[in-house]
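Chemist: below are the sequence and a predicted model; questions follow.
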Amino acid sequence: MTKEDVNAQVKKYFDLNKMTTVIVGDKNYIEAKLDAALKDAKTKEELKNVKLKKISVD
């Protein structure tokens with residue numbers, strides 16, 4: 001199965017507008033990586049429709 005095959009199945013069976021991704025780990029590390037990704041032109045374009053919501057549990 002190729003990357004294209006997987007992407008086609010995702011588009012067919014998942015509504016990406018209703019998906020939620022939960023990232024668990026070191027808050028500072030994750031936030032730094034997300035901030036860097038948002039500053040990168042290519043990644044910024046890919047993430048333009050992503051709504052980020054930060055929830056911290058201490």
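Modeler: Arrived safely.

Chemist: pLDDT-wise, which helix or strand of the protein ranks last?
Modeler: Sorted by mean pLDDT, DSSP states H and E, the helices and strands of the chain end with helix 41-46, the least confident at a mean of 81.

Chemist: that helix packs against which elements?
Modeler: Using 3 or more Cβ pairs under 8 Å, 6 or more residues apart in numbering; DSSP states H and E, the elements in contact with helix 41-46 are helix 27-39. Quick note: C-beta positions are derived from backbone N, CA and C, even for glycine.

Chemist: gap between stretch 43-55 and the chain center?
Modeler: From the chain centre to the centre of stretch 43-55 is a distance of 7 Å (Cα atoms, centre = their mean, to the nearest Å).

Chemist: ok, now stretch 37-56?
Modeler: Once both centres are worked out by Cα atoms, centre = their mean, stretch 37-56 turns out to sit 7 Å from its chain's centre.

Chemist: what does that stretch contact?
Modeler: Contacting residues not belonging to stretch 37-56 are listed as 27, 31, 34 [Cβ atoms under 8 Å, 6 or more residues apart in numbering].

Chemist: how long is that stretch from one end to the other?
Modeler: 20 Å (Cα to Cα, to the nearest Å).

Chemist: next: stretch 43-57.
Modeler: In stretch 43-57, first residue to last residue: 27 Å (Cα to Cα).

Chemist: low-confidence ranges, the protein, go.
Modeler: Residues of the chain meeting the criterion pLDDT under 70: 58.

Chemist: any idea how far residue 46 is from residue 27?
Modeler: Counting by Cβ to Cβ, to the nearest Å, the gap from residue 46 to residue 27 is 23 Å.

Chemist: one more: residue 3?
Modeler: Distance of residue 3 to residue 27, computed by Cβ to Cβ: 31 Å.

Chemist: neighbour count winner among these two?
Modeler: Ranked by neighbour count (other Cβ atoms under 10 Å), residue 3 and residue 27 place residue 27 first, with 13 against 7.

Chemist: excluding its backbone neighbours, what's nearest that one?
Modeler: Of all residues not flanking residue 27 in the chain, residue 56 sits nearest, at 6.2 Å (Cβ to Cβ, 6 or more residues apart in numbering).
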